[in-house]
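Enquirer: this one's structure only:
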């Protein structure tokens, strides 16, 4: 690799440092004012305005404004307090994962974190792919270019999506500064255009408020049988309406998507002058401003847009393509002609995850078919307030002789997935509508930027520290390439289908929010804050309920998340095994006693260590051990030597600082240290002694009789095993010249 390119590509890489925190403000990764970072998270959060009003109407129909108010209340009273606490407890961008990591120990903690990282990957990678796919759909649906893309729509959809993803990657390869700058422009422009559209809609509603109030009540009355199984009086059933809205809330949960990225990008938030690495008070305060401002802005837009969309857009314009097929015997059709209704009933099913099936029942007139017509249009009532046209096609069923296949099709409405874009064109004409479309396309394209920023911050804080990713993953640009490849693969698998990815997106968002709620509930419990513990517990229950409902209704989301989890765990464990023969030591410190012992041994010309597995740690143990070693390895007991003992408190950790202490036990010198694995610690001590004292140290082992594969497994999991050959292999990998390598002796 060209050295200049390599320097640029790996810019910002730092080797592992001691402690829980990594270097944050690397070149090209400088902090920004909180409102600018809010715009970076806002390209994800605010961009959901493009489809949230439509999703709300499809999911909740007439009560979508009420369901949206429930969503806003949970945002302000649930999600915001949760992530406000997360920002305080985890101010370096690790999010709730680091809070939960601290609750568990050893391998249990690592596996749990890997599972949560699987959901993070699901949320953030799908954010990139789904948003780009939605942007591509907006491009194809714009009336200026739609006729060019009528043929091979899937090819156009996938091609545009891939182009947008690669363009996003190019921005991040360029640097964070450019990403934040673009986000500020796109977010402010998009919010301004939405303020114009929603503001116009609100003015229209207020200009004839009594009429629209009556329309809203009529919509509720018309929707009552479908929602509650019976009609009801609106004024006497507020509780029933709220109950229905609560039940429908899980379908609207995508409107909560911006909080996890809000805390994930905390290292980008500028702090105060008095901030320290351990206590960045200013950064925490500014992040809380970011979260509150984003939640407040989004809440206003969500409520206003839900009323405007529900009352000013005809119901049939929200629905996606609707399809139905039914095979009927021709002899039966002839008999149906004489029935009073003269129709065959068909349940029309939606091509959407947000609509309960079936939506409409179409009464297909048989007489026209019997009179020779194969194509007819049928008027269908919608929500009792509107009608729409369904196209019906008759043809002989090739698989069933004597049967006729009846197909019903309704084209997708003009407001499906783009309610506010529909209103922008309706209110202000094609010019403004196209400008709004362009703004929507750009912010949806860049919605992946906040997800990318979150991934670039979170992943390097865990996987390299666990030894479950190569060290180069601490640099930004290699990770950008990895994430882009993943996004391309996901896009190709799903053919850039927005609905197909929606379940995984919602699952990732909700699982992470539930884990955050659990983390802050436990934090409040440990802090003795009883009131907060109860409040956070209630919020946790709501998020858990929402997550379960979402998984039940859209199990594909859990399947996709499970795939990400499986891939992360498998690749992480492979990386961990591959890297086990690294030194796995950040630095080595010798106390005064240990240093004195090493100086004395160096004076005799040879520095000799006996690797010892500590048992009683008394003079009798060491006396027996030295006699056995002298007999096995044929050296004199009078020579000066030292025992080398390694204790492994947590073998799941990948690296640590070795602090070596010298102890004199009844005249026997012992060097003791705590490491993550015995052979790695021994090799690191030998290399450091050689470096400091210019002597090739010797270390003596006894062979152990057992299954080599069993010992290898013990080494990977517990940091122990067949120490002698593993120590030699680690030394060989770190010092290729045998004449300069510490000498390993094994006998027995």
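Expert: Arrived safely, thanks for sending. From a predicted model like this one, the values you see are computed outputs, not experimental measurements.
Enquirer: Do you know the pLDDT at residue 721?
Expert: Residue 721 is assigned a pLDDT of 68 by the prediction.
Enquirer: same thing with residue 226?
Expert: 54.
Enquirer: tell me the domain ranges of this structure?
Expert: Here the domain parsing of the chain from automatic domain parsing is 3-318+417-578, 322-410, 585-747.
Enquirer: which ones are touching residue 397?
Expert: 327, 403-405 (CB atoms under 8 Å, 6 or more residues apart in numbering). (C-beta placed from N, C-alpha, C; glycine too.)
Enquirer: Let's check: the centremost residue of the chain is which one?
Expert: Geometric centre of the chain, nearest residue: residue 120, 2.2 Å, by CA atoms, centre = their mean.
Enquirer: That residue contacts residue 94, correct?
Expert: No - contact between residue 120 and residue 94 fails when scored by CB atoms under 8 Å: they sit 10.6 Å apart.
Enquirer: returning to what we had before: among the contacts of residue 397, the buried ones, what's the PyMOL command?
Expert: For the buried members of the contacts of residue 397, the matching PyMOL selection, counting by 16 or more other CB atoms under 10 Å, is:
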select buried, resi 403+404+405
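Enquirer: Any chance of a markdown table for the contacts of residue 397, columns distance to residue 440, pLDDT and secondary structure?
Expert: Below are the contacts of residue 397 laid out as a markdown table (distance: CB to CB, whole Å; pLDDT from 0 to 100; DSSP: H, G, I helix; E, B strand; the rest coil):
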| residue | distance to residue 440 | pLDDT | secondary structure |
| --- | --- | --- | --- |
| 327 | 42 | 76 | strand |
| 403 | 45 | 78 | strand |
| 404 | 43 | 77 | strand |
| 405 | 39 | 78 | strand |
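Enquirer: Turn the contacts of residue 397 into TSV, columns for distance to residue 516.
Expert: Listed next are the contacts of residue 397 as TSV, based on distance: CB to CB, whole Å:
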residue	distance to residue 516
327	50
403	55
404	56
405	51
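Enquirer: after the helix or strand where residue 35 lies, next one along is what?
Expert: In the assignment (DSSP states H and E), residue 35 maps to helix 34-45. Later in the chain than helix 34-45, the nearest helix or strand by DSSP H and E is helix 52-60.
Enquirer: Centre of the chain to the helix or strand containing residue 298, how far?
Expert: Using DSSP H and E, residue 298 sits in helix 281-312. Taking CA atoms, centre = their mean, to the nearest Å, one finds helix 281-312 lying 21 Å from the centre of the chain it belongs to.
Enquirer: what helices or strands is it leaning on?
Expert: Here helix 281-312 touches helix 34-45, helix 52-60, helix 64-74, helix 80-89, helix 176-207, helix 209-228, helix 259-264, helix 419-458, going by 3 or more CB pairs under 8 Å, 6 or more residues apart in numbering; DSSP states H and E.
Enquirer: again, only using 6 Å
Expert: Counting contacts by 3 or more CB pairs under 6 Å, 6 or more residues apart in numbering; DSSP states H and E, helix 281-312 is packed against helix 34-45, helix 52-60, helix 64-74, helix 80-89, helix 176-207.
Enquirer: Residue 615: neighbour count?
Expert: 8 (other CB atoms under 10 Å).
Enquirer: Is it in a helix, a strand, or coil?
Expert: coil (DSSP: H, G, I helix; E, B strand; the rest coil).
Enquirer: backbone phi and psi for it, please?
Expert: phi -120, psi -90 (degrees, to the nearest 10).
Enquirer: dump the residue contacts of it.
Expert: Shown in contact with residue 615 (CB atoms under 6 Å, 6 or more residues apart in numbering): residue 621.
Enquirer: circling back: switch the helices and strands packed on helix 281-312 over to a markdown table; also include mean neighbour count and distance to residue 682.
Expert: Listed next are those as a markdown table, based on neighbours: other CB atoms under 10 Å; distance: least, CB to CB, whole Å:
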| stretch | mean neighbour count | distance to residue 682 |
| --- | --- | --- |
| helix 34-45 | 26 | 46 |
| helix 52-60 | 26 | 59 |
| helix 64-74 | 22 | 55 |
| helix 80-89 | 22 | 38 |
| helix 176-207 | 18 | 42 |
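Enquirer: got the residue ranges for the strands in this protein?
Expert: 322-329, 343-350, 360-365, 375-382, 386-396, 403-410, 585-590, 608-611, 642-647, 656-665, 668-674, 698-702, 743-747 (DSSP state E).
Enquirer: and the ones you listed as a markdown table, adding distance to residue 105?
Expert: As requested, the strands of the chain are exported to a markdown table (distance: least, CB to CB, whole Å):
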| stretch | distance to residue 105 |
| --- | --- |
| strand 322-329 | 53 |
| strand 343-350 | 48 |
| strand 360-365 | 56 |
| strand 375-382 | 58 |
| strand 386-396 | 60 |
| strand 403-410 | 57 |
| strand 585-590 | 20 |
| strand 608-611 | 27 |
| strand 642-647 | 16 |
| strand 656-665 | 15 |
| strand 668-674 | 15 |
| strand 698-702 | 30 |
| strand 743-747 | 33 |
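Enquirer: Figure out which of these is closest to residue 576.
Expert: strand 656-665 (15.2 Å; CB to CB).
Enquirer: what does the closest one rub up against?
Expert: If you take CB under 6 Å, 6+ apart as the criterion, strand 656-665 is touched by 18, 585-591, 593-594, 597, 619, 670-673, 675-676, 681.
Enquirer: what lines up beside it in the sheet?
Expert: strand 585-590 (parallel), strand 668-674 (antiparallel) (DSSP bridges).
Enquirer: quick one, that strand and strand 642-647 angle?
Expert: 130 degrees (axes from the mean of the first three to the mean of the last three CA atoms, to 10 degrees).
Enquirer: worst average pLDDT in the domains of the chain?
Expert: Of all those, mean pLDDT reaches its minimum on domain 322-410 (a mean of 64).
Enquirer: List the buried residues of stretch 566-585.
Expert: Neighbour-count burial for stretch 566-585 [16+ other CB under 10 Å]: 568-569, 572, 575-576, 579-585.
Enquirer: What about the residues you listed, which are in helices?
Expert: Residues of the buried residues of stretch 566-585 located in helices (DSSP state H): 568-569, 572, 575-576.
Enquirer: what two of those residues have the greatest distance between them?
Expert: Within these, two members stand farthest from each other by CB to CB: 568 and 576, at 12.1 Å.
Enquirer: Residue 532: which of the helices and strands packed on helix 281-312 is closest?
Expert: Nearest to residue 532 among those is helix 80-89 (8.1 Å), distances taken as CB to CB.
Enquirer: closest to residue 505 out of the helices and strands packed on helix 281-312?
Expert: Taking CB to CB, helix 34-45 is the member of the helices and strands packed on helix 281-312 nearest to residue 505, at 10.7 Å.
Enquirer: Go ahead and measure how far the closest one is from the middle of the chain.
Expert: 17 Å.
Enquirer: hmm, who's touching it?
Expert: By CB under 6 Å, 6+ apart, helix 34-45 touches 180, 183-184, 186-187, 258, 261-262, 265, 268-269, 286, 289-290, 293-294, 443, 446-447, 449-450.
Enquirer: so how far is residue 740 from the residue nearest to residue 395 when sequence neighbours are not counted?
Expert: Distances taken as CB to CB, 6 or more residues apart in numbering place residue 405 nearest to residue 395, at 5.5 Å, with adjacent residues excluded. Distance of residue 405 to residue 740, given as CB to CB, to the nearest Å: 81 Å.
Enquirer: Residue 677 too?
Expert: Residue 677 is 23 Å from residue 740, by CB to CB.
Enquirer: more neighbours, those two?
Expert: Shown here are residue 677 and residue 740; by other CB under 10 Å, residue 677 has more neighbours (30 against 9).
Enquirer: how close does the more buried one sit to residue 327?
Expert: 67 Å.
Enquirer: before we move on, what about residue 114?
Expert: Distance from residue 114 to residue 327, by CB to CB: 49 Å.
Enquirer: same question, residue 439
Expert: Separation of residue 439 from residue 327 (CB to CB): 47 Å.
Enquirer: do the same with residue 113
Expert: For residue 113, the distance to residue 327 - CB to CB - is 53 Å.
Enquirer: With residue 618 instead?
Expert: Residue 618 is 88 Å from residue 327, by CB to CB.
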